[in-house]
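Student: Kindly generate the corresponding structure for this input.
(4 chains)
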2 protein chains.
Amino acid sequence: MSPHLPEQCSHCSMYFDAENFCAKLSDDELVALNAQSSLVTIKRDEAVTEETQKLHPVMAISSGVLSLQHLLHDGRKTIAAILMRGDILDLRNSTRNQLGALIALNSVTLCRLSPVVFDAAIAENPQARMLAWANITDQTFRAINHAADLAKKQALEKLASFIFEIRNRDVRVPGNDHVHIPIRRRDLAEYLGMQPETVSRCFKDLAGRGIIHVSDLSVIRILNAPALRRISNGDRSPKGGRLDVPSFNVLVADA
Amino acid sequence: MSPHLPEQCSHCSMYFDAENFCAKLSDDELVALNAQSSLVTIKRDEAVTEETQKLHPVMAISSGVLSLQHLLHDGRKTIAAILMRGDILDLRNSTRNQLGALIALNSVTLCRLSPVVFDAAIAENPQARMLAWANITDQTFRAINHAADLAKKQALEKLASFIFEIRNRDVRVPGNDHVHIPIRRRDLAEYLGMQPETVSRCFKDLAGRGIIHVSDLSVIRILNAPALRRISNGDRSPKGGRLDVPSFNVLVADA
DNA sequence: AGGATGTGTTGACTCAGATCAATAAAGCGT
DNA sequence: ACGCTTTATTGATCTGAGTCAACACATCCT
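Tutor: Next comes the predicted model:
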């Protein structure tokens, strides 16, 4: 490890996860970026301040789960997106869009980057540029897939999709069928556009069918991944009888 | 206009819309990009071929509306996203994500770009880079907002939001309260996660309240923008009585 | 023009999930 | 360990929008 490596970067997943932005920076670039940046920790239910959003419109999630929340006039709340380790957030173009509030769903470590130095690194370092670009396009497709989940899926199907989403986004231990759910039931409900009661009933349903096992509130174990996948793909036939479907959307069997 | 300007670019909105990617390219860059690219027209209900997706994973919408569709096993269909003039689509990172099918909702003109030349332009031209980055982050926020619409809003609220979304994305003539709806009712329903019947009933409802006027299937006129905005923001109180809501989400009054 | 096909609208009925209310179980500070 | 607060679960009821079916328009084709 280089002697130049900034102390706070050495503990940050943006640096030590090989597929994250900071991992691709040279020591000099990292020092330059770090000099204008600052790590901050946000406790659960607290928001990223307006001030941070103005002064540091570019940030990266080092750890924890950050949510983007929308509130309707009569109090209905929605978690429109969840940001996790490695995600880059660039608010510079978000003024026109209704952004909503950035609220931590558990303890979040955020690196507030300097937009100027960030742009410079993007300009000069092709690998870093590619990773940043890949992360943003990934976020776009994730958001689109989430929208698709919300649009037509039933409660049980949405929950099944969520379990896969969380498993795929988390750092994955091969062969481990345990999935860690890093957020509360009510946050999960708000993310999936349903009520906590319904989430509870759906977990119970999946457990009752022997598809998952709910160890405690934050850990479940997938017992029958193919069945869970079928549910998440909207197969409502009682016992695996498959319908004809155009080939473009036959989804990969995984796990 | 430069003598070097490629013929097909001169008719393309990616070039003549000042805020689009190609408008920022130098003549040399444009010629280089154009040499490896090709415009293609896709008729309604036709898909972007697998071959195009493989050979030209980077494309830009010159005109028309392109949809990204998901299909569930039992036949339920969802339009997860709609891409319009000026949007850049980069499929290179989409292999892991379930992309779905790219289907034209009306006649679409697509410019299939060379990834290599596109990357080179991104690397060398800061303005073009910024615009491409801005378009992608914009798409992300749009998708997130769409997800928020789908999560908790009622049918009428979703339709109201859609009217504003379409108006804001379209090229806007100031003072013109007509909104052109470029897609069919059933496509609109699939985008909003509802049934065509419900869309029809909601249009009727809004018209009955004097909030919009439906000229024909593809043109509506907004008669009472504040009321429409209130509905899209989830105000269900009968006559404008406002509830207390945290300041971060009080939305701008527009129009 | 006429028939055929695709698209949008209207009405009657049903159901998945929201809502309300009550209880149980976790967290958390002292 | 205690009490207190927050969060999750369970049960009973209600409703918005889905579903089904019939009809009204458009648009297209020959």
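
Student: can you tell if stretch A:100-116 touches DNA strand C?
Tutor: No. Counting by Cβ under 7 Å from any atom of the strand, DNA strand C is not contacted by stretch A:100-116; separation bottoms out at 9.3 Å. Yep, even glycine has a C-beta here, placed from its N, CA and C like the rest.

Student: quick one: that stretch near chain B?
Tutor: Yes. Stretch A:100-116 is in contact with chain B by Cβ under 8 Å from any Cβ of the partner chain, via A:100, A:101.

Student: do that stretch and DNA strand D meet at all?
Tutor: No. Judged by Cβ under 7 Å from any atom of the strand, stretch A:100-116 makes no contact with DNA strand D; its nearest approach is 10.1 Å.

Student: Show me how far that stretch is from its chain's centre.
Tutor: In terms of Cα atoms, centre = their mean, to the nearest Å, the centre of stretch A:100-116 is found 13 Å from the chain centre.

Student: Number of residues surrounding residue A:19?
Tutor: Residues lying near residue A:19 (other Cβ atoms under 10 Å in any protein chain shown) number 10.

Student: And it, what's its pLDDT?
Tutor: Residue A:19 is assigned 90 on the pLDDT scale.

Student: How much space separates the nearest residue to it once chain neighbours are set aside from DNA strand C?
Tutor: Among residues not flanking residue A:19 along the chain, residue A:131 sits closest, at 6.8 Å (Cβ to Cβ, 6 or more residues apart in numbering or on different chains). Plainly put, residue A:131 is 34 Å away from DNA strand C if you go by Cβ to the nearest atom of the strand, to the nearest Å.

Student: residue contacts, residue A:131?
Tutor: A:19, A:20, A:21, A:23, A:24 (Cβ atoms under 8 Å, 6 or more residues apart in numbering or on different chains).

Student: what helix or strand does residue A:67 sit in?
Tutor: Residue A:67 belongs to strand A:66-71 when elements are defined using DSSP states H and E.

Student: wait, I meant residue A:159
Tutor: helix A:155-169.

Student: List the contacts of that helix.
Tutor: A:84, A:142, A:145-146, A:149-150, A:153, A:179-182, A:188, A:191-194, A:198-199, A:201-203, A:205-206, A:212, A:220, A:222, A:228-229, A:231-234, A:254, B:72, B:96.

Student: now, which of the residues you listed lie close to DNA strand C?
Tutor: Okay, of the contacts of helix A:155-169 touching DNA strand C (Cβ under 7 Å from any atom of the strand), that's A:193, A:194, A:198.

Student: Neighbour-wise, give me the winner out of the residues you listed.
Tutor: Of these, with other Cβ under 10 Å as the count, residue A:193 tops at 26 neighbours.

Student: Now do the SS call for that one.
Tutor: coil (DSSP: H, G, I helix; E, B strand; the rest coil).

Student: Please report how far it lies from DNA strand D.
Tutor: Residue A:193 is 12 Å from DNA strand D, by Cβ to the nearest atom of the strand.

Student: Just to check, that residue is in contact with residue B:152?
Tutor: Yes. In terms of Cβ atoms under 8 Å, residue A:193 counts as a neighbour of residue B:152; the distance is 5.5 Å.

Student: sorry, back to before: given the helix or strand following the strand holding residue A:67, what are its sheet partners and their directions?
Tutor: Sequence-wise, the next helix or strand downstream of strand A:66-71 (DSSP H and E) is strand A:77-83. Note on strand A:77-83: by DSSP bridges, its sheet partners are strand A:66-71 (antiparallel).

Student: Please list the residues of chain A that sit near DNA strand C.
Tutor: So chain A meets DNA strand C at A:154, A:155, A:156, A:193, A:194, A:195, A:197, A:198, A:216, A:217, A:218 (Cβ under 7 Å from any atom of the strand).

Student: Kindly reformat these as TSV containing pLDDT.
Tutor: Formatted as TSV, the residues of chain A next to DNA strand C follow (pLDDT from 0 to 100):
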residue	pLDDT
A:154	97
A:155	98
A:156	98
A:193	97
A:194	98
A:195	98
A:197	98
A:198	98
A:216	91
A:217	93
A:218	93
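
Student: Report the buried residues of stretch A:116-130.
Tutor: A:117, A:118, A:119, A:121, A:122, A:125, A:128, A:129, A:130 (16 or more other Cβ atoms under 10 Å in any protein chain shown).

Student: Among those, which one lies nearest to residue A:6?
Tutor: Closest approach between the buried residues of stretch A:116-130 and residue A:6, by Cβ to Cβ: residue A:117, at 12.6 Å.

Student: related to what we said a few turns ago, just the buried residues of the contacts of helix A:155-169.
Tutor: Applying 16+ other Cβ under 10 Å to the contacts of helix A:155-169 flags A:84, A:142, A:145-146, A:149-150, A:153, A:179, A:181-182, A:188, A:191-194, A:198-199, A:202-203, A:206, A:212, A:220, A:222, A:228-229, A:231-234, B:72 as buried.

Student: Which members of these are positioned in strands?
Tutor: Counting by DSSP state E, those place A:179, A:212, A:220, A:222 in strands.

Student: which residues are common contacts for residue A:193 and residue B:152?
Tutor: residue A:78.
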